[in-house]
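Novice: Need a 3D model of the sequence below.
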Amino acid sequence: MLKSNNFYLKLFFALSTLAISLSLTPANALPGQNITTVVNWAKTRATLPTLKYNNEAHGYDGTKGKLYFYADVTSQNGTVTKEGITVSGESNLKFTQKNSKAVKLIQNIYNSSIANDYQKSRYIIKIGRDQFSRGQKYAYITTEVQGGSAFKIITLSTLQEEINNAKFCQTHQCDI
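Specialist: Predicted coordinates:
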């Protein structure tokens, strides 16, 4: 009986330690998650603005200083399909894999795992201003925009669809 209680006591402490460590692990809000998770996560990031629903953009967005952040969703309370960051007025911050300032910003907003995945991602194609790359966890689209640089995270499963849309918009008028 003593051995049985000892086992359960050790199991309890192990599970408690695991539960505490998981609760202290910073949350990441990424494509594929519920928008409520993303909005709540954004509140924990000092770099990010407060996100509000934007009917015209069919997603949540906000601006804080020179940084604009958005999350596209399937519906107002739906799943995030992609997220993006645009930084304006920072000539030395370009979202490239070799720009340490951009990679550091991605790490500060998300975490080192996402920053490393982006840094190690494989170039796929450039269509117009959009450069597509594929990481192990996510796919990425970077764009040089007027006065700034933009970075998008999409799921691997939607990469080809995004490439096809970009190709279509090269020959047709698309709303962006």
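Novice: Tell me how far residue 153 lies from residue 92.
Specialist: Counting by C-beta to C-beta, to the nearest Å, the separation of residue 153 from residue 92 is 22 Å. From N, CA and C alone the C-beta is placed, and that goes for glycine too.
Novice: out of the two, which sits in the busier spot?
Specialist: Neighbour count, other C-beta atoms under 10 Å: between residue 153 and residue 92, residue 153 has more, with 23 against 7.
Novice: For that one, which residues are in contact?
Specialist: Contact analysis of residue 153 by C-beta atoms under 8 Å, 6 or more residues apart in numbering lists 30-31, 82-84, 114, 138-140.
Novice: for it, helix, strand, or coil?
Specialist: For residue 153, the secondary structure call by DSSP: H, G, I helix; E, B strand; the rest coil comes out as strand.
Novice: ok, longest strand in this protein?
Specialist: Using DSSP state E to define each element, the chain has its longest strand at strand 80-88.
Novice: Show residues contacting it.
Specialist: Strand 80-88 is touched from outside by 29-35, 38, 66-74, 93, 95, 105-106, 109, 145, 147-155, 158, 162, with contacts defined as C-beta under 8 Å, 6+ apart.
Novice: These in helices, which ones?
Specialist: 35, 38, 105-106, 109, 162 (DSSP state H).
Novice: Let me have these in JSON lines, extended by distance to residue 122, pLDDT and neighbour count.
Specialist: Output for these, formatted as JSON lines (distance: C-beta to C-beta, whole Å; pLDDT from 0 to 100; neighbours: other C-beta atoms under 10 Å):
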{"residue": "35", "distance to residue 122": "29", "pLDDT": "92", "neighbour count": "23"}
{"residue": "38", "distance to residue 122": "26", "pLDDT": "92", "neighbour count": "23"}
{"residue": "105", "distance to residue 122": "21", "pLDDT": "95", "neighbour count": "20"}
{"residue": "106", "distance to residue 122": "17", "pLDDT": "96", "neighbour count": "22"}
{"residue": "109", "distance to residue 122": "22", "pLDDT": "94", "neighbour count": "22"}
{"residue": "162", "distance to residue 122": "15", "pLDDT": "95", "neighbour count": "19"}
